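Colleague: structure here, sequence nowhere to be found:
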Ligand SMILES: Nc1nc2c(ncn2[C@@H]2O[C@H](COP(=O)(O)OP(=O)(O)OP(=O)(O)O)[C@@H](O)[C@H]2O)c(=O)[nH]1
């Protein structure tokens with residue numbers, strides 16, 4: 001495997017673009033500009049192998065709903081993002097995002113990603129933010145392959161999100177390769 005595609009979905013303003021910008025350019029975009037459709041790519045290494053990772057940002061706003069399926073094409077992993085400071089964005093994972101993802105990608109692994117975790121410590125939402133336990137519970141409910149937390153502002157957990165995403169793609173390819181080899185090597189009894 002030397003390439004993979006990772007797609008980010010989630011409600012408006014949960015921080016999908018900021019997460020991608022932090023990971024790809026080590027900066028944090030302060031201003032909010034709603035995404036319509038964007039994609040970028042980075043070279044990453046896993047177990048000494050170089051991988052071209054395609055990163056597809058999508059619009060949280062349903063005015064652009066028709067465009068989202070374009071981003072789902074050939075996805076290897078989906079990051080379903082919610083903000084720990086926005087309970088509606090977590091509810092949307094259960095009510096909306098998992099259904100839309102499964103409709104377009106019935107078997108692709110999904111990860112649930114909690115964003116903006118710095119808001120647990122500062123600001124008006126401090127004290128009322130969603131706990132890791134609650135996020136994990138939802139991740140299990142939607143049969144996610146993993147649950148991760150990050151803050152693009154403080155750069156905490158960002159690298160781990162993409163390491164986990166690449167590892168998930170890697171495991172999926174390995175599984176597929178094993179199945180292919182197994183079916184090639186099956187004994188034939190005449
Ligand atoms: N405190 C804090 N704010 C963040 C973080 N990540 C993003 N934001 C802010 O949240 C707002 C929305 O961020 P975006 O990354 O544009 O959100 P999005 O999910 O891409 O939004 P759509 O394009 O509408 O789907 C911006 O004002 C960001 O500066 C974070 O980790 N911590």
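Modeller: Here it is on my side, so go on. What you see is a predicted model; the values in this text were computed from it and never measured.

Colleague: what is the burial count for residue 26?
Modeller: Residue 26 has 9 neighbours, counted by other CB atoms under 10 Å. Glycine gets a C-beta too; all of them are placed from N, C-alpha and C.

Colleague: with the one 3 residues further on instead?
Modeller: In terms of burial, residue 29 registers 14 neighbours under the definition other CB under 10 Å.

Colleague: now do the contacts for it.
Modeller: Listed by CB atoms under 8 Å, 6 or more residues apart in numbering, the contact set of residue 29 reads 17-18, 21.

Colleague: quick one, phi psi at it?
Modeller: phi -80, psi 110 (degrees, to the nearest 10).

Colleague: just residue 91 next, same as before
Modeller: When read as degrees, to the nearest 10, the backbone of residue 91 gives phi -60, psi -40.

Colleague: and the pLDDT for it?
Modeller: The score at residue 91 is 98. That number is its pLDDT.

Colleague: next one: residue 75
Modeller: Residue 75 carries a pLDDT value of 96.

Colleague: now the contacts of residue 29 as CSV including neighbour count and pLDDT?
Modeller: Output for the contacts of residue 29, formatted as CSV (neighbours: other CB atoms under 10 Å; pLDDT from 0 to 100):
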residue, neighbour count, pLDDT
17, 21, 96
18, 22, 96
21, 17, 95
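
Colleague: can I get those residues in CSV with secondary structure and distance to the ligand?
Modeller: Below are the contacts of residue 29 laid out as CSV (DSSP: H, G, I helix; E, B strand; the rest coil; distance: CB to the nearest ligand atom, whole Å):
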residue, secondary structure, distance to the ligand
17, helix, 3
18, helix, 3
21, helix, 7
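
Colleague: residue 40 looks like it's in a strand, true?
Modeller: Yes: checked against DSSP: H, G, I helix; E, B strand; the rest coil, residue 40 lies within a strand.
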